[in-house]
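Undergrad: what would the 3D arrangement of this be:
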Amino acid sequence: MFGLSKLFSSKSVDKQPIITALAAYRSAAFAVGIDESFITDISQNDDKSLHITLTLPFAAQSEMPQLAEFISDALSLAVSVSATVELKETAKFKAIKHIVLIASGKGGVGKSTTAVNLAAALQCEGAKVGILDADIYGPSIPMLLGLVDAKPSSHDNKQLLPFDANGLKAQSIGFLVPSDDATVWRGPMASGALSQLLNETDWGELDYLIVDMPPGTGDIQLTMSQKVPASGTVIVTTPQDLALADAQKGIAMFNKVNVPVLGLIENMSHYICSHCGEANHVFGKDGAQKLAHRHGVPVLSHIPLAIDIREYSEQGKVIASDHSAAISNTYSAAARLIASTLYYQQHHNSVEIVITDD
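TA: Numbers count the residues shown, from 1 in each chain. Got it, this is the predicted structure:
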């Protein structure tokens, strides 16, 4: 940590009230406020307003306007905040710092769409992110990223180059097998193919590798959870009893192989009526909340059933990257929460994550 004389660029700034205000800030992502060690610089502008520069240890850049407003109110002074993201953790696999498995107990719950949007949201929050399509039998990532019929390449005939989807690094068996063909492999062969994709892709440096897992609790899930140093998993479900029953099995499996369950995402949580604006719980209500409470994990997000999500996905676009779309804020909030949970579970084991309404 820098000494205060080096940390702050302007000697005329009274730093202690700023440090106190930062420590008092609370949100779902910043459960214990903002530590003084996050501060890179504080400068005073000609109009006496302040600018605070932070280096965040997890992806949460988009929360800076909210933080600036909080500090401005606390100090009765105009304050702006900017931030860069720099994870301090040692890489756990190759040059990848965190591997996060996005899983579900059953298919049809929107897991792949959720995985792609979470990956894109983490990238928008300032992180270096990749996504691996581990659904060997039903790869969806090429279509969701608008990369159907894209052909793989290599710079050394040993390592595959990941595809670049607007800065998001992506790899999938769907790039190696014709999109209209069926992958008819037994479990060990599919697991071997996945291991090759993971190990023989030149991912470069990544803060987060999001893995879109296949549904269920079979060979591929065991391969990923036992042979890969995953930092945690996120379980995607819908409010339906059937989906929740299968999500319960997924949680049980990851508990058995000691992969931390970071939380649940309730997809298709509700539908907003276009006429009256009220939320209709067409698939049930509070199911994910009850399951999460039973296992002592949070519900990270309630993602609505929205036609915009479908339309973007079918066009090979990622709605989380479009900040003009209201739903992108929901994915951003979930991404910040996942990133902060990974940080706090390593650095503040006693922190209780409190989820606020979307």
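Undergrad: contacts, neighbours, all on C-alpha from now
TA: Fine.
Undergrad: where do the helices sit along the stretch 151-300 of the chain?
TA: Assigned by DSSP state H, counting those that start in this stretch, the stretch 151-300 of the chain shows helices spanning 187-199, 219-227, 241-256, 287-295.
Undergrad: how about those in JSON lines, adding mean neighbour count and mean pLDDT?
TA: As requested, the helices of the stretch 151-300 of the chain are arranged in JSON lines below (neighbours: other CA atoms under 10 Å; pLDDT from 0 to 100):
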{"stretch": "helix 187-199", "mean neighbour count": "17", "mean pLDDT": "76"}
{"stretch": "helix 219-227", "mean neighbour count": "17", "mean pLDDT": "77"}
{"stretch": "helix 241-256", "mean neighbour count": "18", "mean pLDDT": "85"}
{"stretch": "helix 287-295", "mean neighbour count": "17", "mean pLDDT": "83"}
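Undergrad: okay, those in JSON lines with distance to C124 next?
TA: Shown next, in JSON lines, are these (distance: least, CA to CA, whole Å):
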{"stretch": "helix 187-199", "distance to C124": "23"}
{"stretch": "helix 219-227", "distance to C124": "26"}
{"stretch": "helix 241-256", "distance to C124": "28"}
{"stretch": "helix 287-295", "distance to C124": "27"}
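Undergrad: got a list of contacts for the lengthiest helix in the chain?
TA: With secondary structure taken from DSSP state H, the chain has its longest helix at helix 327-347. Helix 327-347 is contacted by residues 28-30, 57-60, 62, 117-119, 121-122, 124-125, 231-232, 262, 300-301, 303, 319-323, 351, 353, 358 when judged by CA atoms under 8 Å, 6 or more residues apart in numbering.
Undergrad: buried subset of those residues, written for PyMOL?
TA: Buried subset of those, written as a PyMOL selection, criterion 16 or more other CA atoms under 10 Å:
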select buried, resi 28+29+30+57+58+59+60+62+117+118+119+121+122+124+125+231+232+262+300+301+303+319+320+321+322+353
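Undergrad: rewinding a little: so which of the helices of the stretch 151-300 of the chain gets nearest E314?
TA: helix 241-256 (23.6 Å; CA to CA).
Undergrad: now the closest one and helix 219-227, what's the angle there?
TA: Angle, helix 241-256 to helix 219-227, by axes from the mean of the first three to the mean of the last three CA atoms, to 10 degrees: 30 degrees.
Undergrad: so how far is helix 241-256 off the chain centroid?
TA: Counting by CA atoms, centre = their mean, to the nearest Å, helix 241-256 is centred 20 Å from the centre of its parent chain.
Undergrad: try stretch 42-55
TA: Per CA atoms, centre = their mean, the centroid offset for stretch 42-55 relative to its chain is 30 Å.
Undergrad: re earlier: convert the C-alpha atoms of the longest helix of the chain to PDB, please.
TA: Output of helix 327-347 as PDB, limited to C-alpha atoms (Å, rounded to 0.1, in the frame of the first residue of the first chain):
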ATOM      1  CA  ILE A 327     -32.300  -5.400 -19.000                       C
ATOM      2  CA  SER A 328     -28.500  -4.900 -19.400                       C
ATOM      3  CA  ASN A 329     -28.600  -3.300 -15.900                       C
ATOM      4  CA  THR A 330     -29.900  -6.600 -14.500                       C
ATOM      5  CA  TYR A 331     -27.000  -8.600 -16.000                       C
ATOM      6  CA  SER A 332     -24.500  -5.900 -14.800                       C
ATOM      7  CA  ALA A 333     -25.800  -6.100 -11.300                       C
ATOM      8  CA  ALA A 334     -25.500  -9.900 -11.300                       C
ATOM      9  CA  ALA A 335     -22.000  -9.800 -12.800                       C
ATOM     10  CA  ARG A 336     -20.800  -7.300 -10.100                       C
ATOM     11  CA  LEU A 337     -22.200  -9.500  -7.500                       C
ATOM     12  CA  ILE A 338     -20.500 -12.700  -8.800                       C
ATOM     13  CA  ALA A 339     -17.200 -10.800  -9.100                       C
ATOM     14  CA  SER A 340     -17.400  -9.400  -5.600                       C
ATOM     15  CA  THR A 341     -18.500 -12.700  -4.100                       C
ATOM     16  CA  LEU A 342     -15.400 -14.300  -5.500                       C
ATOM     17  CA  TYR A 343     -13.300 -11.500  -4.000                       C
ATOM     18  CA  TYR A 344     -15.000 -11.500  -0.600                       C
ATOM     19  CA  GLN A 345     -14.900 -15.300  -0.200                       C
ATOM     20  CA  GLN A 346     -11.200 -15.200  -0.500                       C
ATOM     21  CA  HIS A 347     -10.500 -12.000   1.500                       C
END
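Undergrad: tell me the mean pLDDT for that helix?
TA: What helix 327-347 shows for mean pLDDT is 94.
Undergrad: please report the distance of T223 from P214.
TA: 12 Å (CA to CA, to the nearest Å).
Undergrad: ditto for E63
TA: 32 Å.
Undergrad: same question, Y25
TA: 39 Å.
Undergrad: neighbour-wise, which of the two wins?
TA: P214 (24 against 18; other CA atoms under 10 Å).
Undergrad: test my guess that the more buried one contacts D135.
TA: Yes: using CA atoms under 8 Å, P214 is in contact with D135, at 4.2 Å.
Undergrad: could you find the closest non-adjacent residue to P298?
TA: Spatial nearest neighbour of P298, chain neighbours left out: G263 (4.9 Å); criterion: CA to CA, 6 or more residues apart in numbering.
Undergrad: which element is the closest residue to S140 other than its chain neighbours on?
TA: Leaving aside its sequence neighbours, S140 sits nearest to S112 (CA to CA, 6+ apart; 6.6 Å). For S112, the host element (DSSP states H and E) is helix 111-124.
Undergrad: that's all I had, so thanks and see you.
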